[in-house]
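Peer 1: what shape does this take:
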Amino acid sequence: MTDFNGAPSAQPRSRAERREMSRIAEQDASMRHAQGKRKTGRKATFWIIGGVAVVAIAATAWVGYRALNAKASLEAAQSLVGTVKDQAGAMDFAGIAQTSELLSEHTGTAVEQTHDPVWRIAEFVPVLGRNLTAVREMSEVVDSIATETVAPLAAVAGGLSPESLKPVDGRVNIDPIVQLSAAMGPAADAFHAATAKGTAINVDGTISQVSDASGLLSGMLTDADTLVSDGAQILALAPDLLGANGPRTYLLEFQNLAEGTALGGSAAALTELKVDNGAISISRQAATGDFPTPAPPIIEPDPKLAELYDIGMYSYLNLSTSRPDYPTAAQLARAYWQTYIGGDVDAIISVDPRALEYLINATGPIPMSTGDQLTSENTVDLLLHDVYVRWAEDNIELTDAFFAEAARNVFDTLMSPTTDVKKLIAGVTRGISEHRIMAWSAHPEQQVALAESPMGGILPTDNAETTMAGVFFRDRSTSKMDYYLQTAINYKTDVCTTETPTFDLSATMTSTATAEELAGLSEYITGGVFGAELFRTEAFIYGPPGTTLSGVSIDSQGYGTTHDLNTDDLGRPVVKFTAMLRPGESSQVSASFTGAAGDYGKPDLWIPAMLNKPNVTIDAPGCD
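Peer 2: Residues are numbered from 1 along each chain as shown. Predicted structure coming up:
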């Protein structure tokens, strides 16, 4: 036997020695086998890790690709939503239908891209997954708006045109309005549900691009939700209001802003409208002179209101608008009409001369038998000043006749095919937003919807959405001198920076009249109580709901100002002042209120629909 070098090896001397040598050889073979297996295992692990890496890279690339597609589709959809809004404002119904199709395509693409199985698995990846989930949820929200709100409305609107809504022979075509009304309710519900889902998207820990996009979407939905809801409420009422379900009788109430009240102006005239299946016609008309002055209280007085606004609110038609609550004014006007003129009334609609200017913008100048023309620039001056200067007090019947003719001529022109429907809707919308067009219905189901809409003329009853305060004025000189009254309102609060907020409100009243302007004016204009020397204006400061009055002050440079009363009304504390002003003088009154700890919406101010719009400032540090 030789060794490994070829040299003869010695024979083992014993059996034990041979067994040991055999054990060593087996151990050596085993070690060589294990080393081979480890090498093979390392190769397998390498390929497994490499395969996983390739899959991960491919999946990341795939998700990234789809994310970019989804982002592009969402951005395109957002742009198209703005286009739909503009087209709705322009009444481009055919355009809405076309845009709706494109919108659905883009939102459908966004949803498709974010519902891929790889995408959904990737949502479980830490950090990355949170971003992907937010993008998917945004895609779903926008798609639901496209398919459940825009598309159903577009399907109806596509067959409409402004021409189809124009009155013909004194009748409004209510068929398209009925169709829109039926579609609008479900569409508004779907939009509200999408808004709730969109505002609930969790973007904690997401990248700025995702969180910013979510914030933009949430803000857009929240703002639009109110508009869509208001539109649905009005459209739900429209068919019945237009007599689709039987004849209706309405009173059109004309407010004279030259004699200011909390709701805008005194109730100067009433016009009866008959409505049946879209046909609208004027029936009877009455001015304040057609009612007893004073009359016995037309309804049972509320003692607290009789103290705040005095019993005259119940005894004079023109003072029925004293309280900043249109249902109160409407029910008083309805009672006057039914008692002294006769006949049932289904609803009351209030309009003032400034709102008439907005409506006349849709008709062009309206001729009068006197040779005057009512235009979108001169109607306020003509109705609230010029006719009073033209006719002396002993010819008051001429002014009443002029107002009656103006109401009839404006109505007849609006009901003609020459009316620009787009401008008319814009004018009505503006009048409603400024509380210059208000409505109340004697039918409870209709009134519920009106009360929740901007037409209702009702102050909010809580601070959930906004912390609303109000400052209102009323002429008590029995004059038409609010043509010369300028006002300013300041609302200061720390509601966004403290748990127990304070609310400071001030009102400044200034008479801009001059001796030259007042010379020669009749007592009917300047007032039969004090003449041209002194003017009496009341101010009512309403704090936010649930607050407590904490202070009152007067800074008067005028003849004299008094703090008359502290009380409560409409669930709010109220302070009443009276300012006596000579021509050119000013007076400022203030009230402070304190709120208990709780949740408050952003501060807001109810701006009265006055002849001269108040100069309003809201100082609220920390509020967006």
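Peer 1: in the stretch 151-300 of the chain, which spans are strands?
Peer 2: Assigned strands in the stretch 151-300 of the chain, in chain order: 248-261, 264-276, 279-287 (criterion: DSSP state E, counting those that start in this stretch).
Peer 1: now these in CSV, with mean pLDDT and mean neighbour count?
Peer 2: Yep, even glycine has a C-beta here, placed from its N, CA and C like the rest. Formatted as CSV, the strands of the stretch 151-300 of the chain follow (pLDDT from 0 to 100; neighbours: other Cβ atoms under 10 Å):
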stretch, mean pLDDT, mean neighbour count
strand 248-261, 94, 24
strand 264-276, 93, 23
strand 279-287, 92, 17
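Peer 1: any chance of these in a markdown table with distance to residue 156 as columns?
Peer 2: Converted to a markdown table, the strands of the stretch 151-300 of the chain look like this (distance: least, Cβ to Cβ, whole Å):
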| stretch | distance to residue 156 |
| --- | --- |
| strand 248-261 | 24 |
| strand 264-276 | 23 |
| strand 279-287 | 23 |
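Peer 1: to residue 451, which of those lies closest?
Peer 2: With distances scored as Cβ to Cβ, the stretch of those nearest to residue 451 is strand 248-261 (17.4 Å).
Peer 1: and that closest one, what does it pack against?
Peer 2: In this structure, strand 248-261 packs against strand 264-276, helix 326-340, strand 347-351, helix 353-360, helix 396-414, strand 466-475, with contacts taken as 3 or more Cβ pairs under 8 Å, 6 or more residues apart in numbering; DSSP states H and E.
Peer 1: returning to what we had before: quick one: which of the strands of the stretch 151-300 of the chain is nearest residue 505?
Peer 2: Shortest distance between residue 505 and the strands of the stretch 151-300 of the chain, using Cβ to Cβ, is found for strand 248-261: 18.2 Å.
Peer 1: starting at the chain centroid, how far to that closest one?
Peer 2: 24 Å (Cα atoms, centre = their mean, to the nearest Å).
Peer 1: sheet-wise, list the partners of that strand with their directions.
Peer 2: Strand 248-261 has these partner strands in its sheet, going by DSSP bridges: strand 264-276 (antiparallel), strand 347-351 (parallel).
Peer 1: following element in sequence after the lowest-mean-pLDDT helix or strand in the chain, please.
Peer 2: Among the helices and strands of the chain, helix 15-89 carries the lowest confidence by mean pLDDT, DSSP states H and E, at a mean of 55. Counting by DSSP states H and E, the element after helix 15-89 in chain order, helix or strand, is helix 93-114.
Peer 1: so which bits of that following helix are buried?
Peer 2: 93, 95-97, 99-100, 102-104, 106-111, 113-114 (16 or more other Cβ atoms under 10 Å).
Peer 1: unless I'm mixing things up, residue 243 is touching residue 279, no?
Peer 2: Yes - because the distance of 7.2 Å satisfies Cβ atoms under 8 Å, residue 243 is recorded as touching residue 279.
Peer 1: that older thread, can the helices and strands packed on strand 248-261 go into TSV with extra columns for distance to residue 233?
Peer 2: Rendered in TSV, the data for the helices and strands packed on strand 248-261 read as follows (distance: least, Cβ to Cβ, whole Å):
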stretch	distance to residue 233
strand 264-276	19
helix 326-340	16
strand 347-351	15
helix 353-360	20
helix 396-414	23
strand 466-475	18
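Peer 1: right, and the ones you listed - which one's nearest residue 601?
Peer 2: In terms of Cβ to Cβ, the element of these nearest to residue 601 is strand 466-475, at 4.3 Å.
Peer 1: now for the closest one, which elements pack on it?
Peer 2: Contact analysis of strand 466-475 by 3+ Cβ pairs under 8 Å, 6+ apart lists strand 248-261, strand 485-493, strand 502-511, strand 535-542, strand 602-606 as its packing neighbours.
Peer 1: now tabulate those strands in JSON lines and tack on distance to residue 352.
Peer 2: Below are the helices and strands packed on strand 466-475 laid out as JSON lines (distance: least, Cβ to Cβ, whole Å):
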{"stretch": "strand 248-261", "distance to residue 352": "4"}
{"stretch": "strand 485-493", "distance to residue 352": "15"}
{"stretch": "strand 502-511", "distance to residue 352": "20"}
{"stretch": "strand 535-542", "distance to residue 352": "18"}
{"stretch": "strand 602-606", "distance to residue 352": "16"}
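Peer 1: for residue 459, find the nearest of the ones you listed.
Peer 2: Distance to residue 459, taken as Cβ to Cβ, is lowest for strand 602-606 among the helices and strands packed on strand 466-475, at 6.1 Å.
Peer 1: what strands line up against that closest one, and which way round?
Peer 2: Partner strands for strand 602-606, per DSSP bridges, with pairing direction: strand 466-475 (parallel).
Peer 1: gap between the strand it pairs with and the chain center?
Peer 2: 18 Å.
Peer 1: then stretch 182-197?
Peer 2: The gap between where stretch 182-197 is centred and where its chain is centred comes out at 16 Å by Cα atoms, centre = their mean.
Peer 1: how many other residues sit next to the nearest residue to residue 385 once chain neighbours are set aside?
Peer 2: Spatial nearest neighbour of residue 385, excluding adjacent residues (Cβ to Cβ, 6 or more residues apart in numbering): residue 483 at 5.1 Å. Per other Cβ atoms under 10 Å, the neighbour tally for residue 483 reads 21.
Peer 1: quick one: residue 483 from residue 567, how far?
Peer 2: The span separating residue 483 from residue 567 equals 30 Å under the rule Cβ to Cβ, to the nearest Å.
Peer 1: of all the helices and strands packed on strand 466-475, which lies closest to residue 322?
Peer 2: Nearest to residue 322 among those is strand 248-261; the distance by Cβ to Cβ comes to 5.1 Å.
Peer 1: and the angle from the closest one to strand 279-287?
Peer 2: 40 degrees (axes from the mean of the first three to the mean of the last three Cα atoms, to 10 degrees).
Peer 1: ok and strand 248-261 relative to helix 396-414, angle-wise?
Peer 2: Angle, strand 248-261 to helix 396-414, by the same axes, to 10 degrees: 130 degrees.
Peer 1: host element of residue 561?
Peer 2: Residue 561 is located in strand 560-569, with elements delineated by DSSP H and E.
Peer 1: that strand packs against which elements?
Peer 2: Taking 3+ Cβ pairs under 8 Å, 6+ apart as contact, the helices and strands that strand 560-569 lies on are helix 303-309, strand 548-556, strand 572-581, strand 586-594.
Peer 1: got a list of what residue 343 touches?
Peer 2: Applying Cβ atoms under 8 Å, 6 or more residues apart in numbering, we find residue 343 in contact with 249, 272, 337.
Peer 1: just the residues you listed now: which is nearest residue 286?
Peer 2: Of all the contacts of residue 343, the one sitting nearest residue 286 is residue 337; the distance, using Cβ to Cβ, is 7.3 Å.
Peer 1: how about the helices in the stretch 101-250 of the chain?
Peer 2: 117-122, 128-145, 151-157, 175-199, 208-241 (DSSP state H, counting those that start in this stretch).
Peer 1: chain center to the shortest one: distance?
Peer 2: Offset of helix 117-122 from its chain centre (Cα atoms, centre = their mean): 40 Å.
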